[in-house]
Structures are given as structure tokens and as C-alpha cells.
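Q: need coordinates for the following:
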Amino acid sequence: MNKIPFSTLLAGLLLLLIALSGCAAKQPVDPDAKTATRKAAESNTQLGLEYMNRGQFEVALGKLKKAVKDDPDYAPGHTVLAILYERIGEFELAGPHYVKAVQADPVSGGVNNNYGVYLCKTGKPQEAITYMLKALDDPFYSSPAVALANAGSCAMKNGMLAEADDYLRRALAHDAKFPDALLSMADLNHQQKNYLRSRAFLQRFEAATAQTAESLFLGYEIETALLNDKMARRYLSLLNSNFPASKEAKEARRINRT
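A: Just a heads-up that it's a prediction; the model follows:
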């Protein structure tokens with residue numbers, strides 16, 4: 001497992017919906033803040049986000065390119081464009097727009113968190129965690145658990161297990177039912193062979209949200225390690241029934257063939 005959960009990686013995208021409607025409230029009163037170009041950038045970014053969520057990536061790309069052309073200093077426009085480039089596999093094109101977003105709004109928690117996630121995915125964990133933690137300095141950032149869970153997952157992915165434990169516990173201190181932090185804690189404890197503790201965190205995850213291929217495979221691994229064949233078979237059955245084409249199901253089948 002040992003990866004940043006998909007929903008955590010893209011949590012910042014959802015937070016941008018808040019940023020689009022509320023970012024003006026964070027800025028000092030400026031009579032020129034709502035110029036025609038800023039309004040156009042906001043409108044095109046919102047449209048781009050909506051088209052992206054519908055899977056209409058080509059239309060979304062056009063709207064977002066227009067947004068950042070209309071207002072090169074509009075951070076949400078650059079961030080959503082960067083996320084879209086990631087969605088379509090253009091990682092190299094995404095990076096410069098994350099940088100421009102941070103330059104345009106260096107205080108924004110959402111902007112810093114999103115850039116940190118990108119840096120972790122591109123092999124720069126130390127720099128990534130720096131930006132994720134910087135998100136916590138934004139007094140208007142409403143989801144510190146997201147940034148801390150991202151930092152914990154990034155640290156775990158890169159073998160920094162003590163740091164991962166610290167960040168994930170801090171995330172759960174902010175939100176004790178945050179699913180991604182609970183699943184990552186279950187994964188971390190499994191890696192450390194703390195199987196009973198791993199099971200406890202997984203049970204908390206299952207109480208908080210729906211099971212995923214990732215969580216079911218982890219449950220299978222935990223119960224196998226605990227020699228609980230009945231529960232291991234149950235997790236395996238659910239994995240094969242609900243997510244038969246997932247890489248986790250394929251890996252479980254491979255293990256059972258050997």
C-alpha cells in the first residue's frame with residue numbers, strides 16, 4: 001500500500017470551491033479587487049472546474065487557460081489548471097502553474113497543500129511536507145486535517161515512519177473520524193507489525209466511511225498476519241466481489257496462487 005490515498009490527494013480540489021467563492025473575504029479591501037478581468041478569471045475557473053468534474057477535459061482546459069490569461073495573478077485559476085494537467089497526464093505542465101499559484105497567494109492553505117501534494121508525487125518529499133505544513137499557517141484554512149494527513153502519507157511513502165505517525169496523529173486530533181488519516185494509520189501500523197493496532201484503526205475507518213479496494217486489501221493483510229483465516233477470507237471475498245478489476249484484487253489473487 002504505502003501511498004497517499006486518492007481522496008486525500010484531491011481533497012484540495014474540493015476546497016477550491018470554497019476558495020472561489022470566499023477568497024475575496026481573505027484579502028484587504030481593495031476598490032480594484034473586482035475588476036472585469038478578475039471577474040472573468042473567476043467565472044472561467046468555476047466553469048473549468050465544473051467541466052473537469054464532468055469529464056469534459058478539453059472544454060475545461062480552454063476555460064482554465066482563458067482564466068489565467070485574463071488574470072495571471074489569480075491563484076485558484078492556476079491551481080485548477082495544474083490539477084487538470086495532472087488528470088490528463090501532463091505532469092510537467094502542471095508544475096509551473098502550481099508555482100504561479102503559490103507566487104500569487106503564498107499564504108493560502110489550499111494553494112500550499114495542493115502544491116505539496118504535487119511535489120510529493122514528483123519525488124520531492126521534504127519540500128512537499130514543508131508546503132503541506134505551511135498550509136497550517138493560514139488562519140482561514142478550514143481543513144488542517146487534510147494537510148496533516150497528506151504530510152503523514154507523504155512521509156510514510158518515503159520511509160519516514162516516525163514523522164508519518166506524528167503528522168497522522170495530529171490530523172486525527174483535528175478530526176478523529178477523518179477517513180484518509182485513519183486508513184493511513186492502519187497502513188503505518190501494519191508496516192510496523194503492530195497488527196492489533198492496525199486492525200483498530202481500520203475498524204475506525206470502516207465505521208467512518210465505505211470500504212475501498214485499498215482498505216479491503218489492507219484488512220486481508222492484517223487478518224492474515226493475525227492468523228484469522230475466517231476474517232481474511234471475508235475481506236478477500238468482499239474485495240473480489242466489489243472491486244474485481246482493482247490492482248488490490250489482482251495482487252490478492254496472485255498471493256493466493258503462490
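
Q: and the top helix by length along the chain, how far out from the chain's middle?
A: Using DSSP state H to define each element, the chain has its longest helix at helix 36-53. Mean C-alpha position of helix 36-53 versus that of the full chain (Cα atoms, centre = their mean, to the nearest Å) differs by 22 Å.

Q: run through who's touching it.
A: Residues outside helix 36-53 that contact it (Cβ atoms under 8 Å, 6 or more residues apart in numbering) are 13, 16-17, 20, 57, 59-61, 63-64, 66-68, 70-71, 74, 76-77, 80-81, 83-84, 87. Any C-beta I mention is one placed from the backbone N, CA and C, and that applies to glycine too.

Q: tell me the gap between whichever helix or strand comes after it and the middle of its chain.
A: Next helix or strand after helix 36-53 toward the C-terminus (DSSP states H and E): helix 57-70. Centroid separation for helix 57-70 versus its chain: 23 Å, with Cα atoms, centre = their mean.

Q: what does stretch 57-74 give?
A: Worked out by Cα atoms, centre = their mean, stretch 57-74 lies 23 Å from the chain centre.

Q: stretch 133-149 now?
A: That offset, for stretch 133-149, works out to 13 Å (Cα atoms, centre = their mean).

Q: those helices in the stretch 51-200 of the chain, which residues are they?
A: Remark: helices assigned in the stretch 51-200 of the chain by DSSP state H, counting those that start in this stretch are 57-70, 75-87, 91-104, 109-121, 125-134, 144-157, 161-174, 179-191, 195-208.

Q: give me the mean pLDDT for the second one.
A: I take that to be helix 75-87. Helix 75-87 shows a mean pLDDT of 96.

Q: got the angle for it vs helix 91-104?
A: 160 degrees (axes from the mean of the first three to the mean of the last three Cα atoms, to 10 degrees).

Q: buried set for helix 75-87?
A: Buried residues in helix 75-87, counted by 16 or more other Cβ atoms under 10 Å: 75-87.

Q: now swap in the first one and tell me
A: Judged by neighbour count (16+ other Cβ under 10 Å), helix 57-70 contains these buried residues: 60, 61, 63, 64, 66, 67, 68, 70.

Q: quick check, nearest of the residues you listed to residue 233?
A: residue 60 (43.8 Å; Cβ to Cβ).

Q: and the closest one, what pLDDT?
A: Looking at residue 60, its pLDDT stands at 97.

Q: now for it: which residues touch it?
A: Residue 60 sits next to 47, 48, 49, 50, 51, 52, 84 when contact means Cβ under 8 Å, 6+ apart.

Q: now restrict those residues to buried residues only.
A: Buried, going by 16+ other Cβ under 10 Å: 47, 48, 49, 51, 52, 84, out of the contacts of residue 60.

Q: pLDDT at the fifth one, what is it?
A: On the pLDDT scale, residue 52 is placed at 94.

Q: can you check the second one too?
A: We note a pLDDT of 96 for residue 48 in this prediction.

Q: ok, it to residue 35 distance?
A: 19 Å (Cβ to Cβ, to the nearest Å).

Q: residue 158 contacts residue 127, correct?
A: No: applying Cβ atoms under 8 Å as the test, residue 158 and residue 127 come out as separate, 11.5 Å apart.

Q: for residue 138, phi and psi?
A: Dihedral pair for residue 138: phi -80, psi 110, per degrees, to the nearest 10.
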